[in-house]
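Asks: Need coordinates for the following:
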Amino acid sequence: MYSNAPENYICPFCLVVQKIENEHVFTKQDDVFYTDEHITAFIPSHGFKKNMGHAVIIPNQHYENIYCLPSHVSYKIHDFEKELALAFKKVYNCDGVSSRQHNEHWGNQDVWHYHLHVFPRYKNDDLYFSKREFIEPDERKVYADMLKKYFMNFHI
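Replies: Numbering: from 1, shown residues only. Next comes the predicted model:
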């Protein structure tokens, strides 16, 4: 239903879940800070310098977009979104939290696997006017490690 993925699409987020690092995926396993039987969360390869440490939550099973995402999986993602927002407040000491999710090409979806972005927000950060850019793996790892430590000590 409402599929936009190209034929023979190699899903980089499915590779993340499978713990594969290759030329089809920018995300490193060091970026992953949470995983369970339903979802995986990681610091993405591309982000915003004023909102460092933003995270992406994905279902472990491949669903292209919100139209085919089962409700029980959506609940898992959004329950974890709340826990992640609380983690951001404690770990990053941010002023607020924003979430966003995109569907289809004209909805700005660029990876054909459902995913939810969660952003730490700061006063006057201009998130929605900022340019998205590649974040080096060593920079991402700092944030992933902080969140790993938080979630190891806080059992959901």
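Asks: Break down the protein into its helices, ranges please.
Replies: Under the criterion DSSP state H, the chain carries helices at the ranges 12-17, 71-91, 137-153.
Asks: Check which helices and strands the second one sits against.
Replies: This points to helix 71-91. Helix 71-91 makes packing contacts with strand 39-42, strand 55-59, strand 96-100, strand 116-121, helix 137-153 when contacts are defined by 3 or more CB pairs under 8 Å, 6 or more residues apart in numbering; DSSP states H and E. In short, each C-beta sits where N, CA and C put it, glycine included.
Asks: of the ones you listed, which approaches Lys76 most closely?
Replies: With respect to Lys76, and counting by CB to CB, the nearest of those is strand 39-42 at 5.3 Å.
Asks: Dead centre of this protein: give me the residue that sits there.
Replies: Centrality entry for the chain: nearest residue to the mean C-alpha point is Val56, 0.6 Å, by CA atoms, centre = their mean.
Asks: Phe13 versus that one, what's the distance?
Replies: For Val56, the distance to Phe13 (CB to CB, to the nearest Å) stands at 8 Å.
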